[in-house]
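Engineer: Pasting the sequence and the predicted model now:
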Amino acid sequence: MLADRLDVAVVRVFGHDTQGLRQMLFLRESYVLALPDDHALAAQERIHIAQLKGVPMIFNQRLAQPALYRSLMGAFHKAGFEPEVVQEVNTEQSTVALVSTGMGAALVPASSATDRRSGVVFRPLDGELPNWEITALWKGRRETPLLRRFLDVLAEFRSVPGEVAAP
């Protein structure tokens, strides 16, 4: 985008420098825990992050989102332990697929709970976790009619509790 090859990007910007870009938060969700359905914690309605001590975890790749990775690790450290990361992946779909094999549990955005994959349950998480956010970024000086219409459509469908839906 900064190299003028894109007009707009819809991305996770956690910890990235967005100076010089206009932005509109499109989606904000909490994390939930994806667990194999036969895991001992699956019987609980809610799970506190401290209960994940010793549970094998599947994480998003550190290199893809280093600031988010550090923030999630910090949440585990505040809960008093280092998570046991057994695999790093680059998509939510891969994460849920690995959970379904019994490899471990994973923090995923709440919307992932609509994935009715066999062998996986999703539980709300308590603890100090960052939000999962998707943001539209663009350069203000390059607002074409097509970009403006795209942003208007995004604003119609944005899902950010407690915020006014205007770019």
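Structural biologist: Yep, that arrived. In this text, all values refer to a predicted model and were calculated from it rather than measured experimentally.
Engineer: Leaving out sequence neighbours, find the closest residue to Arg46.
Structural biologist: Pro124 (5.0 Å; Cβ to Cβ, 6 or more residues apart in numbering). Bear in mind the C-beta positions are built from the backbone N, C-alpha and C, glycine included.
Engineer: my guess is that neighbour contacts Ile49, does it?
Structural biologist: No - the criterion here is Cβ atoms under 8 Å, and Pro124 misses it with Ile49 at 11.2 Å.
Engineer: So between the two, which is more surrounded?
Structural biologist: Counted by other Cβ atoms under 10 Å, Pro124 and Ile49 do not tie: Ile49 has more neighbours, with 22 against 14.
Engineer: need the contact list for the more buried one.
Structural biologist: Going by Cβ atoms under 8 Å, 6 or more residues apart in numbering, Ile49 touches Ala75, Phe76, Ala79, Leu125, Asp126, Gly127, Glu128, Leu129.
Engineer: now it: how far from Leu129?
Structural biologist: Distance of Ile49 to Leu129, given as Cβ to Cβ, to the nearest Å: 7 Å.
Engineer: What about Gly20, how many residues nearby?
Structural biologist: Using other Cβ under 10 Å, Gly20 has 11 other residues around it.
Engineer: For the residue of the chain positioned farthest from its centre, give me phi and psi.
Structural biologist: Distance from the C-alpha centroid of the chain, by Cα atoms, centre = their mean, peaks at Pro145 (30.7 Å). With angles defined as degrees, to the nearest 10, Pro145 sits at phi -60, psi -40.
Engineer: Name the SS class of the nearest residue to Pro130 once chain neighbours are set aside, please.
Structural biologist: Take Pro130 and drop its neighbours on the chain: the residue closest to it by Cβ to Cβ, 6+ apart is Ser71, 4.8 Å away. For Ser71, the secondary structure call by DSSP: H, G, I helix; E, B strand; the rest coil comes out as helix.
Engineer: Show the contacting residues for Ser71.
Structural biologist: Counting by Cβ under 8 Å, 6+ apart, Ser71 makes contact with Phe14, Gly15, Pro130.
Engineer: Do you know the pLDDT at the first one?
Structural biologist: Looking at Phe14, its pLDDT is 72.
Engineer: Check whether the residue nearest to Phe14 when sequence neighbours are not counted sits in a helix, strand or coil.
Structural biologist: Counting by Cβ to Cβ, 6+ apart, Phe14 lies nearest to Leu68, which is 4.3 Å off, once chain neighbours are set aside. What three-state DSSP gives for Leu68 is helix.
Engineer: Dihedrals phi and psi, the residue nearest the centre of the chain?
Structural biologist: Ranked by distance to the mean C-alpha position of the chain (Cα atoms, centre = their mean), the top residue is Trp132 at 3.7 Å. Per-residue torsions, Trp132: phi -100, psi 120 (degrees, to the nearest 10).
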